[in-house]
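A.B. asks: A predicted structure for the sequence below; I have some questions about it.
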Amino acid sequence: MTLKEAYKILGVSKENTDREIKAKYKKLLIMYHPDSDPTGKRAPEDDEKIRQIIEAYKKIRETESGTYLEPYEFTWDAFENKRAFSERNIFFQFKIYDEALPPSKMARGRFVWDPDMEEFPLFAKSVLEACKEVMTDHDVTLTPDKVKNIFHLMMQEYILPTDAARKIGKKIREDGNMEVYSFSGFIINEPRGSRGSGINCGEPLNIYLREGRAVVEEIVTGRMLGSVSFDEDELYYVVLPLLEDPEVDAHATIIKGNSSRRNKEHIHVVIELRIPKGLADIPVSNGKLINKLF
C-alpha cells in the first residue's frame, strides 16, 4: 500500500493533523466493527475494509511520525473521569443510504466527552439516560426540575471545558504563552426609542458570568446589553465555565445586528478566549450535590 492510497482509504490528507487522522481512523473502525451493525446483517467485505483501514493508518503513522500502530482493540479511548457519579453509555449513529438508523451502544464507562469522537446530541442523550438511571436506582421521582438539575451536574462531570474549547473553537492566533480561540453567539436586545439601540459593529464589549449566564456590557458606558445565547448547545458547557476561570481572559466584539418583526434586535457577537497553553482541566465531581437532590 502506498502512502497516497493510505490517505485515500482514510479520507484524509497531509493537511490533516495527527488528531484529525486518528479521529477519522477511529470512526471508520466503529463503522465497520462486527458489533456495530444494529440490523445484524454485516457485509462480508467489512473484514477486508477493517484490514485496509488498520494498514492505512499504520502506513501513515510509520511514514509521517516514525511510530507504530497500537494493536487493534475495539475500545473507547477517551479520558475517564473516575470521580464521576455514574457510568454512561456511548452511542454512535450509523446511516444507510443517508437514512439515520437508531443510535447504537458502543461502550460504557465514565468517559468524558471528546468532540473528535462523539457527536454532542448523542453525548447529551447518553447523559440524560444516565441521569434517569441513577434517579430510578435511588427511587427518586422523575420530576422535570430534578431531572434538569441532576442532568446539568452530570454534564459538568463529563466535559473538560479547556480541552473541548481547543477542539471546537476556532483558533485565530497565538499571543505569547496564550492561545486565542473564538466562538459565535448572539444577544436578543430590545432597542430603546425610535433610533434603536445604537449598536456599532466592531465595538468591543466586556463579557462575564452572572447568575449562570454570560452577559455583555459596553466598556465605556457600562450599559448592559443582555445575556449571550448560542446556536450550538455544547458552547454553554464549554464557554461559560471558562468565563469563571481566572487564568482565561475573555472579551466580546459586536459583528452585526439584525432587527426582527417584533421590534427586537439580534446582536451577533464573537467571543474570544485567551487560554494559557499549559492550562489543563481538573475533572469535576458533583456527587455531593447530586446526593442532596435525592
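C.D. replies: Looks like it arrived, so ask away.

A.B. asks: what about the host helix or strand of D145, average pLDDT?
C.D. replies: Taking DSSP states H and E as the definition, one finds D145 inside helix 144-158. Average pLDDT, helix 144-158: 95.

A.B. asks: wait, what's in contact with the nearest residue to V239 once chain neighbours are set aside?
C.D. replies: Excluding the flanking residues, the one nearest V239 by Cβ to Cβ, 6 or more residues apart in numbering is F183, at 5.6 Å. Every C-beta, even on glycine, is put in place using the N, C-alpha and C of the backbone. Each residue near F183 by Cβ atoms under 8 Å, 6 or more residues apart in numbering is listed here: 165, 169-170, 230, 235, 238-239, 270-271, 273.

A.B. asks: quick check on those: which are buried?
C.D. replies: For the contacts of F183, a burial check counting by 16 or more other Cβ atoms under 10 Å picks out 165, 169, 230, 235, 238-239, 271, 273.

A.B. asks: redo those residues as a markdown table? Include pLDDT, distance to V248 and secondary structure.
C.D. replies: Shown next, in a markdown table, are the buried ones among the contacts of F183 (pLDDT from 0 to 100; distance: Cβ to Cβ, whole Å; DSSP: H, G, I helix; E, B strand; the rest coil):
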| residue | pLDDT | distance to V248 | secondary structure |
| --- | --- | --- | --- |
| A165 | 96 | 9 | helix |
| G169 | 95 | 12 | coil |
| F230 | 93 | 17 | coil |
| L235 | 95 | 14 | helix |
| V238 | 96 | 11 | helix |
| V239 | 95 | 10 | helix |
| I271 | 95 | 11 | strand |
| L273 | 96 | 6 | strand |
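
A.B. asks: what is the nearest of those to A84?
C.D. replies: A84 lies nearest to V238 out of these, by Cβ to Cβ, at 17.5 Å.

A.B. asks: just to check, that closest one is in contact with R166?
C.D. replies: No: taking Cβ atoms under 8 Å as the definition, V238 is not a contact partner of R166, at 9.9 Å.

A.B. asks: quick one: V140 from A280, how far?
C.D. replies: As judged by Cβ to Cβ, to the nearest Å, V140 and A280 stand 34 Å apart.

A.B. asks: L242 sits in which helix or strand?
C.D. replies: helix 234-244.

A.B. asks: what about the stretch 51-200 of the chain, any weak spots by pLDDT?
C.D. replies: Low-confidence segments of the stretch 51-200 of the chain (pLDDT under 70): 64-75, 94-101, 189-199.
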